[in-house]
Every structure is written in C-alpha cells, then in structure tokens.
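Asks: Pasting the sequence and the predicted coordinates here, then a few questions.
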Amino acid sequence: MQGAPRRYSVLYDEIVENPELAKFRRHLDLWTWILYNETGEIDKLRRECDELIETIGAQNADWTVHTLLDYHQAYHLLEYPVLRSKIDALKISVRQYSRFWPILCAKDRADGGDVGEDLCLATQVANLPHQSDVYARHFAARKTLFKDGLFGPTKEKAAVYTQVPSHTDTCSFKDGDLDEQDMLTAFVIRHLESVNTYVTQLITRVLRQRSLEDGVAPQQYLELDKIQMVANILTAIYVPVYLAICLGILSCIESEKTRIVVLGVLGILLALLMVVCVPVPKRNDMFAFMAAFFAVGGIFIGAKRESD
C-alpha cells in the first residue's frame with residue numbers, strides 16, 4: 001500500500017533551512033482585547049482601593065490619605081487586611097499586565113495563577129518580522145497546504161495565508177528582507193512567477209528527472225538575498241557603463257551649449273535611476289551625488305573646450 005503523501009512534513013523540513021518561509025497569525029486583535037480587559041480590571045481594583053481609603057479616612061480623624069497614590073508602605077498596612085488584600089491584587093494585576101516581576105506572592109504561584117507579561121508579549125508579537133514577498137509567494141504556491149479554500153494545518157480560511165504581500169496580521173520566524181528594497185527589486189519580486197513551479201520545470205527539462213509530487217515544492221529557492229545579489233551585480237555593471245556613455249555622448253558634441261543641455265538631461269536620467277535602483281535614497285545623498293556628477297561633467301566640458 002502506497003504511503004500517504006507528505007503534505008506538510010516537506011514544508012516543515014524546509015522551514016528548518018529557511019525560517020523566512022514560515023507564516024503565522026499575530027492575532028493582534030485578540031491581544032488588544034486581552035490588554036483592554038486587563039486595563040479595565042486594574043482600573044476597577046484601583047477604584048476599590050480608593051473607596052476603601054476614603055472609608056478608612058471617614059472613620060479616623062487623623063487619617064490624611066485620600067487616594068491610593070498617597071498610601072505608602074510606611075503606613076500600618078497590617079491594621080487594614082481588606083485594603084492590604086486589594087493592594088496586593090492590584091500589584092499582581094499591574095505586573096501581569098506590563099511585565100514579568102520575579103517577586104510575586106507565593107500563593108499566586110502555588111495556585112497556578114497567571115504570571116505573565118502580556119503588554120511586553122503583545123509588543124514583541126507586533127514587532128515580529130513581516131514575511132517578504134518572495135517567501136510569501138513560495139508559501140502560497142504550495143497546493144497541498146490549501147484545500148476547499150481552507151488552510152490545511154489549522155482549517156482557517158486560506159485567504160489570510162495566500163495573500164501577496166502577506167496579510168498585515170501575519171508574521172514569520174525571520175526577516176527575509178536583508179535591507180530596504182529598491183523599486184526595481186520590489187517590481188521584480190511583485191511580478192515573480194512561482195519559483196517552485198519554475199524549478200520543477202527546470203529539473204524536468206534540463207536534468208530529465210521525474211517531476212516532483214504535485215504541489216510539493218523542491219528544496220530549492222530563489223531566495224531574496226540571491227535576487228538582491230543579481231540586482232547589485234547589474235548595478236555594478238550599468239552604473240560605469242552609463243557614465244562611460246555620458247562621456248562618449250559629450251565628446252561627440254561640438255557645441256558647448258548643446259553639451260551643457262545634454263549634461264542636464266543625462267543628470268536627470270541619472271537621478272531617476274537613483275530613485276528606481278537605490279533603496280529609499282536620501283535627499284542629501286542625491287544632492288551630493290548629483291553635485292559630483294555635474295562637477296565631473298563640467299570639468300570634462302571645460303577640458304573639451306580648451307582642447308578644441
């Protein structure tokens with residue numbers, strides 16, 4: 001009897017090698033709901049403490065404390081066990097809401113109470129890396145993960161897991177973006193066909209091997225760092241070629257005024273190339289680069305004029 005197809009284990013094995021491939025839900029709406037509920041509980045306990053302090057003050061003429069924030073440990077807390085228990089409960093709630101505190105009451109630990117850091121955990125979840133478009137396409141291209149509009153491992157709606165770019169409420173183990181992407185790289189990634197299908201066809205056509213199981217991607221990926229490496233190589237080629245072409249064009253023009261106009265046009269084209277091919281170019285960097293370009297061009301035009 002033929003064994004069951006490896007629907008998920010192939011993916012899990014590849015996530016070990018490429019953590020960027022994993023995709024998870026953040027559930028930030030639920031985290032927000034939890035935090036607001038805890039905030040309401042903290043506010044309720046604080047109001048109860050203030051009411052108890054006011055009640056104690058009404059019964060004691062020498063009592064000068066009116067709010068919880070004015071009540072410190074220097075006061076005889078043991079004389080008011082109800083107030084003491086309310087303050088202890090408030091402390092635990094605040095610590096549980098905001099951060100882990102190692103000194104908690106032994107009773108809370110013995111009872112298996114929640115000792116958490118919900119606000120910090122929610123913040124960490126919200127700042128988990130967003131899955132890059134390359135790995136989002138790899139993930140969405142796996143047909144065995146999705147059936148009848150559902151995501152197989154969790155039976156959730158598949159739309160959350162198949163979006164490219166990834167859904168804002170999803171995250172990954174590791175950030176696949178090595179740095180901020182330039183417009184050209186982002187355009188290539190956005191229009192990239194399924195690399196899994198491409199690799200399968202390449203193996204079948206070139207190496208003449210049997211195609212892999214339908215929907216199970218090969219353990220080969222066109223990773224983001226490789227795409228960016230190709231973009232960097234192309235940049236290293238076309239930048240000096242462009243500058244050489246600029247000098248060649250200027251050397252072929254006899255009129256000095258025409259050279260200046262052409263230099264301006266070439267400078268505008270270079271500025272547009274920077275916008276397209278440089279990840280988030282800063283205005284001061286563009287100004288400095290263009291000033292250097294026109295300085296070199298001006299020197300070339302001046303030298304050309306003297307030689308003529």
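Replies: Great, that's in hand. Numbering: from 1, shown residues only.
Asks: Poorly predicted segments of the stretch 1-150 of the chain, please.
Replies: 1-6, 73-78, 99-116 (pLDDT under 70).
Asks: just the helices in it please.
Replies: 9-17, 28-59, 81-98, 106-110, 118-126, 133-140 (DSSP state H, counting those that start in this stretch).
Asks: and the spatially closest residue to residue 83 that is not a sequence neighbour, how many neighbours?
Replies: Sequence neighbours aside, residue 52 is the residue nearest to residue 83 in space, at 4.8 Å (criterion: Cβ to Cβ, 6 or more residues apart in numbering). Glycine gets a C-beta too; all of them are placed from N, C-alpha and C. For residue 52, the count of nearby residues is 18 (other Cβ atoms under 10 Å).
Asks: Next: residue 162.
Replies: 20.
Asks: Now for it: which residues touch it?
Replies: For residue 162, the contact set (Cβ atoms under 8 Å, 6 or more residues apart in numbering) comprises 139, 140, 146.
Asks: Next one: it relative to residue 141, how far apart?
Replies: Separation of residue 162 from residue 141 (Cβ to Cβ, to the nearest Å) stands at 9 Å.
Asks: The contacts of residue 162 into TSV, with extra columns for neighbour count and distance to residue 120?
Replies: Formatted as TSV, the contacts of residue 162 follow (neighbours: other Cβ atoms under 10 Å; distance: Cβ to Cβ, whole Å):
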residue	neighbour count	distance to residue 120
139	25	29
140	18	32
146	17	34
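Asks: Residue 267 reaches residue 292, doesn't it?
Replies: No - taking contacts as Cβ atoms under 8 Å, residue 267 lies outside contact range of residue 292: 10.7 Å.
Asks: Which strands and helices lie in contact with the helix or strand hosting residue 257?
Replies: For residue 257, the element it lies in under DSSP states H and E is helix 256-277. Counting contacts by 3 or more Cβ pairs under 8 Å, 6 or more residues apart in numbering; DSSP states H and E, helix 256-277 is packed against helix 183-190, helix 224-252, helix 283-307.
Asks: Out of those helices, which is closest to residue 71?
Replies: Residue 71 sits nearest to helix 283-307 of all these, at 54.7 Å, using Cβ to Cβ.
Asks: got the buried residues for the closest one?
Replies: Under the neighbour-count criterion of 16 or more other Cβ atoms under 10 Å, helix 283-307 has 289, 293, 294, 297, 300, 301, 304 buried.
Asks: List the contacts of it.
Replies: Applying Cβ under 8 Å, 6+ apart, the set of residues contacting helix 283-307 from outside is 246-247, 250-251, 256, 259-260, 263, 266-267, 270-271, 274.
Asks: Now with 7 Å, please.
Replies: 247, 250, 251, 256, 259, 260, 263, 267, 270, 271, 274 (Cβ atoms under 7 Å, 6 or more residues apart in numbering).
Asks: That concludes my questions; thank you for your assistance.
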